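1. Structure for the following, please:
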Amino acid sequence: MAYGKKIISVCLTVIMLATLLMLGLSMGMEAYAENSKVEDAQNSVVRVFVDMGGGSIGIGSGFAVGGKDEDVEYVVTNYHVVAGYLNDAYVTVTDINGGIKADVIYYDDDNDFAVLERDEKLTNRKPIALLSPKELHKSQDIYCIGFPGLSDAASGNTSFESRIKDMTITTGTVSNNDYVREGTTYILSDAKINGGNSGGPMVDEYGQAVGINTATIGEADGGDLSNSMTLAVSMDYVMDTLDDLDITYIKGSANGTTQRNSNGSADTKLIIMIAGAAAVICAAVVIIVVVVNN
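-> Numbers count the residues shown, from 1 in each chain. Next comes the predicted model:
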């Protein structure tokens, strides 16, 4: 009898350990305690341009999306950056001559964003974490990252280089994280942007993209631009679209921890380990049943 109790005790211990293992693995699959900084988010930003013909080009910014630690294959930008030239879009991280062809695989004219797929994977940029602006609050600090055209003109930059040091970061506060204008939901802030910033990410203090820098509105739409406000398209549109396209992306959180493979896919090794832990639990239960019956 004492021997049977000992076996039951051991089996219960095994079950507890296996359960803790499963919980730990599940949490490990969902969250990574990495608090990114705003400057780190620059490693996800690229310059997007379109060949307009006749030697003319249209320029904007964009940001990389994808799974954690994966080479970049997809870029998100404003639709108006590539509108009219969907077959002539390029992404560059070095200079205008080093651009790589990018196919526009999805665009939303109404909400002004597009998803681009590069012909070649990008190894010197990394995917950015995405966060719903619903996690923001009024008066919270935000940051806009991109390649501003005004800065290019002021510096005499005619090659439109796309190095990290060529980016600018402007800061402001959230005035409204649920601002609806003509049917589209934006983040409204007092951060300053200009044309070249279009398509770049608006990020929170952890460097998580919460919106797409889209437009500037002045007083009464055409008033004094010194009192302008910035509109950034809500990241909720992008995340919903990436889910529909079955594209993996990193999902952020209000405290800066990031989640992996937020479209439902999961790391194979973790699945195998969890399955093994589940098998241990099942085996322990069988042993207990046998011992009790005997």
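2. what are the ranges of the strands in the stretch 151-294 of the chain?
-> Under the criterion DSSP state E, counting those that start in this stretch, strands of the stretch 151-294 of the chain are mapped to 168-181, 184-189, 201-203, 209-217, 229-234, 250-251.
3. For the fourth one, name the packing helices and strands.
-> Using 3 or more Cβ pairs under 8 Å, 6 or more residues apart in numbering; DSSP states H and E as the contact criterion, the secondary-structure elements in contact with strand 209-217 are strand 129-130, strand 141-146, strand 184-189, strand 201-203, strand 229-234, helix 235-244. Yep, even glycine has a C-beta here, placed from its N, CA and C like the rest.
4. Quick check: which of these has the most neighbours on average?
-> Here the criterion is mean neighbour count by mean count of other Cβ atoms under 10 Å, and of the helices and strands packed on strand 209-217 the winner is strand 201-203, at a mean of 32.
5. pLDDT on it, on average?
-> Strand 201-203 carries an average pLDDT of 97.
6. Check stretch 236-247 too.
-> Averaging pLDDT along stretch 236-247 yields 97.
7. How about stretch 120-134?
-> pLDDT averaged over stretch 120-134 equals 90, rounded to a whole number.
8. so how far is the first residue of that stretch from its last?
-> The first residue of stretch 120-134 is 34 Å away from its last residue (Cα to Cα, to the nearest Å).
9. Enumerate every residue touching Asp108.
-> By Cβ atoms under 8 Å, 6 or more residues apart in numbering, the contact list for Asp108 reads Tyr79, Ala114, Tyr237, Thr241.
10. pLDDT at it, what is it?
-> For Asp108, the pLDDT comes out at 97.
11. That one bridge partners, please.
-> Beta bridges link Asp108 to Phe113 when assigned by DSSP bridges.
12. from now on call the first residue 15
-> New numbering, starting at 15: the last item is Asp122.
13. out of the helices and strands packed on strand 223-231, nearest to Lys82?
-> Ranking these by proximity to Lys82 (Cβ to Cβ) places strand 143-144 first, at 8.7 Å.
14. tell me what that closest one is packed against?
-> strand 223-231, helix 249-258, strand 264-265.
15. I'd like the strands of the stretch 165-308 of the chain as TSV, with distance to Lys140 appended.
-> Written out in TSV, the entries for the strands of the stretch 165-308 of the chain read as follows (distance: least, Cβ to Cβ, whole Å):
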stretch	distance to Lys140
strand 182-195	17
strand 198-203	23
strand 215-217	13
strand 223-231	12
strand 243-248	21
strand 264-265	9
